[in-house]
Structure formats: C-alpha cells, structure tokens
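A.B. asks: Sequence first, then the predicted structure, then my questions.
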Amino acid sequence: MEQSSRILIVGGTGYIGRRIVKASIALGHPTFILFRKEVVSDVEKVEMLLSFKKNGAKLVEASFDDQGSLVDAVKQVDVVISAIAGNHMRHYILQQLKLVEAIKEAGNIKRFVPSEFGMDPALMDHAMAPGNIVFIDKLKVREAIEAAAIPHTYISANIFAGYLVGGLAQLGRVMPPSDKVLLYGDGNVKAVWVDEDDVGTYTIKAIDDPHTLNKTMYIRPPLNILSQKEVIEKWEKLSGKSLNKTYISVEDFLAGMEDQPYGEKIGISHFYQMFYKGDLYNFEIGPNGVEASQLYPEVKYTTVDSYLERYL
C-alpha cells in the first residue's frame, strides 16, 4: 500500500488552517504544523498546537525571517499547504514568496497549495479597489510558483459558511438577525456557500490526486449554490419567522464607502463582487479547473440547510 503523503501546514492555528490540520489527521496523513516562536506567548494557539500534537501531528518550529529554517521544515515533507491569514493591511499573503523560495531550494515537494480559498484571483482583474489588492497579492504568489515550476493546486472555496451563512450575509454579523434583513440588489445573484470543515476535507483529498495537479479546484457543492434570498428563505422556514426585507441598490450600497476604514472598504468591495457582480458563480469552469464535489462524491458535505440548524 502506498504511504500517505507527509503534509506541512503553514498557518495551522488560523481560521481555515485548523480545519485543514483536522482533515489531514483524520485522513491518515503524517501531519506537520509549522509554528513560529512568537506563538509561545499566545495561550490559545499553544493549546491548539498541543491538541494537534496529542492527535498525532508533529510541531515544526520555523520562521519567515530565517530562510534556512523554512527549507529544513519543507525537507521533512512531501506536500506543503499554506493557510496564511489574508490580512492585506500587512500583506501577509506575500510572505508566501519566502515559502516558494524555500520549496524551490528544498527541491522535494510534489505539491504546493498556496493560501487562496476564496474567489479565483485569475478571474478578478476587474475587481474594485481596494479589495483588488487581495487578488493582486495572490497572483504574485501564483506567478512565483509557476516561474519556479513547483507542482501546485489552487483552491477556490467561495464563501466560508461561518462568516456569511449564519448572518444571512449581513455585513458585520455572524448570527441570524431576529427582525429585519438587508438584501443586495434583488437578492437573486447566485453564490456558493461552503462549510469550513468541508474545505479542509476537499483540500486534503486533492493533494495526491493527479486530476488536480497544476489546476484550480473550485468547491461548488450543488445544493449550496444559492442566492442570498434563497438562504434567507431557508432560515425563515427553519425558524418559523418572517423577516422584514429591505432591498439596497448598488448605488446606495457603495455610497459612503470612501469614508470607511481601509479594512471595511475591502469587505464592502468583496460584498459588491459577490452579491452584485456574481463573481462566485458567473463563469464556467474551464479546462484548467476541476470541481471538488464531482471529483470526490464520497464526501458528505454540509448543506446550507443543515448548517443553519445550529442557530435554532
């Protein structure tokens, strides 16, 4: 029997990284988690790392300020998955350029998954500023990966359910509103809503699959391709409550955006791309793309209906 690939996860204590760690361990991969020495002062992250260690993961200390330590970490594994947080006020995504150099120097990696997990940056050259910086940074990492001829898989995971399903896609809210809800445009633009644990599972499934080699894998569970209005209706049916609905035009939605803090501007511009432009689902998957739920029908993904039940 072929041995499971050894996986190094960078950003393993982060929001999506912890799900990838969980899936890697559950699916039987020798799992290595890179951690920086600064983490020793963060009790919650230390406790998380220790829980991973208890479940069989190996902790590997390295630093983006010490290229040799990155190379040493990479040499211990077959696959590297980056789940670095996308704080674009600090350009954390671009830290992966050092990781690309380490992978290139080590010369042993058979697959690299960079930190993307949202909209496909290759399709977002029309994106509104300042949210476009997210896609610009991710494309810089892609360019470095491909220039170094590193085998790779890009993951487009669309909407993280925890951020937008529970709050019915209300800006700044992650729990269902009790009385009223705002709909973007007519509320009928299709989006794709994905449970974060499923993102972890599909990601680990992809790392040894030749069908995903040097391709973009889109996670589009068919029952979760829904408009904002359809998600709201599902909540109303489950909760037995009817919400007062206000429809907001694109002009009104964007009004006053310039007066918002930089981070808020990024969030507003991404909402515009998702719920007005329809950039999560307004394209056909091309020859350099594959769809996760078709590749791995054995994965019993979480539907929006079942996800919403936790809020009852």
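C.D. replies: Happy to help now that I have it.
A.B. asks: CA only for contacts and neighbour counts going forward, please
C.D. replies: Fine.
A.B. asks: What residues sit buried inside stretch 177-195?
C.D. replies: By neighbour count on 16 or more other C-alpha atoms under 10 Å, the buried set for stretch 177-195 is 181-185, 187-195.
A.B. asks: Please dump the residues you listed into CSV; it should also carry secondary structure and pLDDT for every row.
C.D. replies: CSV is the format used below for the buried residues of stretch 177-195 (DSSP: H, G, I helix; E, B strand; the rest coil; pLDDT from 0 to 100):
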residue, secondary structure, pLDDT
Val181, strand, 98
Leu182, strand, 98
Leu183, strand, 98
Tyr184, strand, 98
Gly185, coil, 98
Gly187, coil, 98
Asn188, coil, 98
Val189, coil, 98
Lys190, strand, 98
Ala191, strand, 98
Val192, strand, 98
Trp193, strand, 98
Val194, strand, 98
Asp195, coil, 98
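A.B. asks: Looking at those residues, point me to the pair that's furthest apart.
C.D. replies: The span of those, defined through C-alpha to C-alpha, is set by Gly185 and Asp195 at 24.9 Å.
A.B. asks: Using a markdown table, please lay out the buried residues of stretch 177-195 together with distance to Phe283.
C.D. replies: Output for the buried residues of stretch 177-195, formatted as a markdown table (distance: C-alpha to C-alpha, whole Å):
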| residue | distance to Phe283 |
| --- | --- |
| Val181 | 28 |
| Leu182 | 26 |
| Leu183 | 22 |
| Tyr184 | 20 |
| Gly185 | 20 |
| Gly187 | 19 |
| Asn188 | 16 |
| Val189 | 13 |
| Lys190 | 11 |
| Ala191 | 11 |
| Val192 | 12 |
| Trp193 | 16 |
| Val194 | 18 |
| Asp195 | 22 |
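A.B. asks: and of these, the nearest to Lys45?
C.D. replies: Asp195 (22.1 Å).
A.B. asks: Distance check, that closest one against Ser227.
C.D. replies: Between Asp195 and Ser227 the distance is 16 Å, computed by C-alpha to C-alpha, to the nearest Å.
A.B. asks: How about Ile150?
C.D. replies: According to C-alpha to C-alpha, Ile150 and Ser227 sit 37 Å apart.
A.B. asks: Then Leu312?
C.D. replies: Distance of Leu312 to Ser227, computed by C-alpha to C-alpha: 21 Å.
A.B. asks: For the stretch 1-150 of the chain, which segments are assigned as helices?
C.D. replies: 17-26, 43-54, 67-74, 96-106, 132-147 (DSSP state H, counting those that start in this stretch).
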